[in-house]
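*Asks:* here is a sequence together with a model predicted from it:
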Amino acid sequence: MIKRLFFDLGSTLIDESECAEYRTRELLRQRGAPCREVLERRMAELAAQNRLPYKDAAREFGLETVKWPCHLEKVYDGVPRLLEVLSKKYRLGVIANQSAGTEQRLEKYGIRQYFDLIISSAEIGFSKPDLKIFEIALDKAGCTSSETYMIGDRLDNDIEPAAQLGMRTIWVRQGTFAGGSLNLICHRPDHTVDRVTDVTEYL
């Protein structure tokens, strides 16, 4: 019986599309940058290899990465209502690679109240895909892996490690990593959705 749902944040509950566009524009402004078509094609190829499209493309083209523009993040449409509905049936938590201040950002987004457990890499000292961050989350939640779902956008960071521990998984194909390759992981997601609000089809 499923008792708890764990969510990733970036590109799962939080829309980072404007952040990604901002960083792409900043790369294209640099000396030696390729045209947008070439850069975006290479980033798509890297995403299909379950790599880091922005950072790896910048490195390959000899460009400088820019700081993540947190102010451009926003909650995906329908997320507050989704969490409200799910919180009546399950306990909700977060497992995310985030900088310090995750709880404050969730407050700003207006969704902090739905989570009784927030496991952030900055506070825990471990980052996904390290199994330790998932083990800490399960321990703090007081539940077994078979009683939980991990819901996230990254096959390598969210789906594969969670499945290794016996958690059920839902891959949300949103954002930069929507083009990830299932052939490059050992554990396929239990379910796949194109929008996070569609997870209710399986919960």
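*Replies:* It's in.
*Asks:* average pLDDT for stretch 173-186?
*Replies:* Stretch 173-186 carries an average pLDDT of 95.
*Asks:* ok, which stretches of this structure are strands?
*Replies:* Secondary structure of the chain (DSSP state E): strands located at 4-7, 14-15, 74-75, 91-96, 117-120, 148-152, 168-172, 191-193.
*Asks:* highest mean neighbour count out of those?
*Replies:* Most buried of the strands of the chain by mean neighbour count (mean count of other C-beta atoms under 10 Å) is strand 148-152; its value is a mean of 27. Backbone N, C-alpha and C define where each C-beta goes, glycine included.
*Asks:* what lines up beside that one in the sheet?
*Replies:* Sheet pairing here is set by DSSP bridges, and for strand 148-152 it gives strand 4-7 (parallel), strand 168-172 (parallel).
*Asks:* out of these, the one nearest residue 120 is which?
*Replies:* strand 4-7 (12.2 Å; C-beta to C-beta).
*Asks:* what pairs with the closest residue to residue 98 other than its chain neighbours across the strands?
*Replies:* Spatial nearest neighbour of residue 98, chain neighbours left out: residue 120 (4.5 Å); criterion: C-beta to C-beta, 6 or more residues apart in numbering. Under the criterion DSSP bridges, residue 120 forms beta bridges with residue 96.
*Asks:* residues contacting residue 120?
*Replies:* By C-beta atoms under 8 Å, 6 or more residues apart in numbering, the residues touching residue 120 are 94, 96-98, 100, 102.
*Asks:* residue 147 against residue 1, yeah?
*Replies:* Yes - if you go by C-beta atoms under 8 Å, residue 147 and residue 1 touch, sitting 6.6 Å apart.
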